[in-house]
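K.L.:
Turn this into a structure:
(one chain, ligands or ions: 2)
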Amino acid sequence: MSNTCHAKNCSTVVLPRFLMCSRHWAMVPPLIQARVYKHYRPGQERDKNPSTAYLAAAREAIDAVARKEGLLPPMERLSETLTGPRDLYHCQSCSTTEDLSRWQEHDEFDKPEAVCVVLCKGCDEKLIEKHPRLYRRLALNEPAPGAMAICADCRHRDGNRCCNPGLRGLIKVNNL
Ligand SMILES: [Zn+2]
Ligand SMILES: [Zn+2]
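P.N.:
Ligands and ions are numbered 1, 2, ... in the order given. You can find the predicted model right below:
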């Protein structure tokens, strides 16, 4: 039986040990590619017994490509779906002022964005790990456009999102 690329609507024939054709594989974000490699076990394509972790990573890869091709709706954003206060001093989920940390939001392709979500310890444990979108905890004093005390009165701030059009270069520098 021939094995085809697992990306949605793709019928390119690939070797059974490959999840996708090279064109689609190149569209998978590097972090997800790394998870697929990590959980791949040589021979799993013959005994048809891949691990649950591999299947989960493969699912992520397939969904990431489908989002990129517009075949799936984009992932939700905690910065938009959480209804609590959008400032640096409250958890955006439960509004508490205790034990807060800032989480930088990433785009569909795991690229950091100028958006932060402030969450308390209890809420981050509940929300971040299982969320399909990538979030990264910012260190205590790490600069983050839109989510620093200095940004509070800035005209470019919208919630904890920095909308300064000159920002792109800055984000790159912060994530070197
Ligand atoms: Zn393909
Ligand atoms: Zn909370």
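
K.L.:
at contact distance from ligand 2, anything in the lengthiest strand in the chain?
P.N.:
Of all the segments of type strand in the chain, defined by DSSP state E, the longest one is strand 112-120. Yes: counting by C-beta under 5 Å from the ion, ligand 2 is contacted by strand 112-120 at Cys120. For glycine as for every other residue, the C-beta is placed from the backbone atoms N, C-alpha and C.

K.L.:
For that strand, name the packing helices and strands.
P.N.:
Taking 3 or more C-beta pairs under 8 Å, 6 or more residues apart in numbering; DSSP states H and E as the contact definition, the neighbouring helices and strands of strand 112-120 are helix 78-81, strand 100-106, strand 161-162, helix 168-174.

K.L.:
lowest-confidence stretch among these?
P.N.:
Ranked on mean pLDDT, the bottom entry among the helices and strands packed on strand 112-120 is helix 168-174, at a mean of 42.

K.L.:
Contact residues of this protein facing ligand 2?
P.N.:
Taking C-beta under 5 Å from the ion as the test, the list of the chain residues beside ligand 2 reads Cys91, Ser93, Cys94, Cys120, Cys123.

K.L.:
Tell me the one of those residues nearest Ala144?
P.N.:
Taking C-beta to C-beta as the measure, Cys91 is the one of the residues of the chain next to ligand 2 closest to Ala144, at 16.6 Å.

K.L.:
so how many other residues sit close to the residue nearest to the closest one when sequence neighbours are not counted?
P.N.:
Leaving aside its chain neighbours, Cys91 sits nearest to Cys120 (3.9 Å; criterion: C-beta to C-beta, 6 or more residues apart in numbering). Cys120: 21 surrounding residues under other C-beta atoms under 10 Å.

K.L.:
OK, contacts around Cys120?
P.N.:
Neighbour list for Cys120: Cys91, Ser93, Cys94, Thr96, Glu98, Asp99, Leu100 [criterion: C-beta atoms under 8 Å, 6 or more residues apart in numbering].

K.L.:
Quick check: phi and psi on the spatially most central residue of the chain?
P.N.:
For the chain, the residue lying nearest the average C-alpha position, counting by C-alpha atoms, centre = their mean, turns out to be Leu134 (2.2 Å). Leu134 adopts backbone torsions of phi -80, psi 130, taken as degrees, to the nearest 10.
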